[in-house]
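Asks: Sequence and predicted model, in that order:
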Amino acid sequence: MKTKSIIQSVFTCLALAIALPAMADDEAKEVEAGKRGGRLLATESPRPEFFVEKDHTVSVKFYDEDGKVVAPANQQVTVIATGDEKKKLQLEKKEDALVSAEPLPKGDGYNLVVQVRPNADSKPENFRFLFLNHICGGTCGNPEYACTCDD
Ligand SMILES: [Zn+2]
């Protein structure tokens, strides 16, 4: 990373810190990213990280409070794509992750619902977000669906 962009982002942060109290009521974008640069979902620990592989399949790993990967136990994760091509992916256990056998629909720019259940009998927690797969143009370096930049 270039020094200039670091300095710029420091100034951006300062400007945001000053501006923030005035817009405290605005809904803050509180995206957290996991170790693989995926989107960390706000469940109880262990928390799932939603990550899309290069082949467009979905891979979810779970992290404990110390940020260590823990193998999935009875968690169930379903991903529903709600674009022109609707698709429901039920993730299956593979080593220390839950993965989809099939890829997400081609392209991006459609909404996803990620349903997480602690076990097959519990109600799902639903996480809805826009799936944009290009790398963020800001400083975080994550795909846009897991962008943690403030702007
Ligand atoms: Zn970003």
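Replies: The structure has been received and is ready for your questions. Numbering: from 1, shown residues only.
Asks: what about residue 80, which SS state?
Replies: At residue 80 the chain is in strand, as set by DSSP: H, G, I helix; E, B strand; the rest coil.
Asks: which residues does it bridge with?
Replies: Counting by DSSP bridges, residue 80 forms beta bridges with residue 88, residue 113.
Asks: Kindly report the same for residue 70.
Replies: Bridge pairing for residue 70 - DSSP bridges - gives residue 62.
Asks: which ones are touching it?
Replies: Counting by C-beta atoms under 8 Å, 6 or more residues apart in numbering, residue 70 makes contact with 46, 62, 63, 64, 96. In this view, the C-beta of every residue, glycine as well, is placed from N, C-alpha and C.
Asks: Recalculate using a threshold of 6 Å.
Replies: 46, 62, 64 (C-beta atoms under 6 Å, 6 or more residues apart in numbering).
Asks: Give me the distance between the second one and residue 98.
Replies: The reference is to residue 62. 8 Å (C-beta to C-beta, to the nearest Å).
Asks: what's the overlap in contacts for the two?
Replies: What both residue 62 and residue 98 touch, as defined by C-beta under 6 Å, 6+ apart, is the set residue 72.
Asks: In terms of distance to residue 71, which of the contacts of residue 70 ranks first?
Replies: residue 62 (7.6 Å; C-beta to C-beta).
Asks: thinking again about what came up before, highest neighbour count among the contacts of residue 70?
Replies: Using other C-beta atoms under 10 Å as the neighbour criterion, residue 62 leads those with 24 neighbours.
Asks: if we can go back for a sec, which one of the contacts of residue 70 is nearest to the ion?
Replies: Comparing the contacts of residue 70 against the ion with C-beta to the ion places residue 62 closest, at 23.3 Å.
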